[in-house]
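Engineer: Next one to model:
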Amino acid sequence: MVRPEFGVYVPIFCGGPWLYRDFPLYKKIDWNRTRKFATLCETLDFDSLWVIDHLIYGRAPILECWTILTYLTAMTQKIRIGAMVLCNLHGLPQLTAKMSSALDFLSNGRLEFGYGAG
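Structural biologist: Numbers count the residues shown, from 1 in each chain. The predicted structure is shown next:
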C-alpha cells in the first residue's frame, strides 16, 4: 500500500493595514514564526512545504517565491519544498532552470518542481 503524502501551504503575504482588514486570517509575516512553523512541520513529519508563485494575490502583495523557498530550505533539514506551480511568464525559462537546479542542489534534492503555463 502506498503511503499518502501531506504538504503544508506557507502564506507569504506582506502588506499594510488594509490587508488585515480584507484578509483577517493573514497577519503580517513574522519570520520567527515562519521559521518555527517550518521546523514544526518537519518535526511532525509532514512531507512538504509549499508557497505560491504570484506577483500579487487579489489586492494582497506577496513575497517572491524563490527567495522564500531558499529561506525555507535553510531553516529545514529533510522536508521537501516547492512552489504550487511556477508561472512560466514570471521569468525566462533558462533562468528558472538555473535557479531550480541551484536550489535543488543546495537543498540536497528536496525541491519539488512544477512548471505551468501561467
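
Engineer: so what's the residue most central in space within the chain bridging to?
Structural biologist: Nearest to the geometric centre of the chain sits V51, at 2.6 Å (CA atoms, centre = their mean). Beta-bridge partners recorded for V51 (DSSP bridges): A83.

Engineer: Please list all residues in contact with it.
Structural biologist: 9-10, 12, 65, 68-69, 72, 82-84 (CB atoms under 8 Å, 6 or more residues apart in numbering). All C-beta atoms are positioned from the backbone trio N, CA, C, and that covers glycine.

Engineer: Give me the subset of those lying in helices.
Structural biologist: 65, 68-69, 72 (DSSP state H).

Engineer: Take the residues you listed and, keeping just the buried ones, write it as a ChimeraX select command.
Structural biologist: Buried members of the ones in helices among the contacts of V51, defined by 16 or more other CB atoms under 10 Å, are picked up in ChimeraX with:
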select :65,68,69,72
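
Engineer: The residue nearest to the centre of the chain and Y9: what is the separation?
Structural biologist: 8 Å (CB to CB, to the nearest Å).

Engineer: Find residues that contact each of these two.
Structural biologist: What both V51 and Y9 touch, as defined by CB under 8 Å, 6+ apart, is the set M84.

Engineer: residues of stretch 84-94 that come out buried?
Structural biologist: Quick answer for stretch 84-94 (16+ other CB under 10 Å): 86-87.

Engineer: in the protein, which helix or strand is least confident?
Structural biologist: helix 17-22 (a mean of 54; mean pLDDT, DSSP states H and E).
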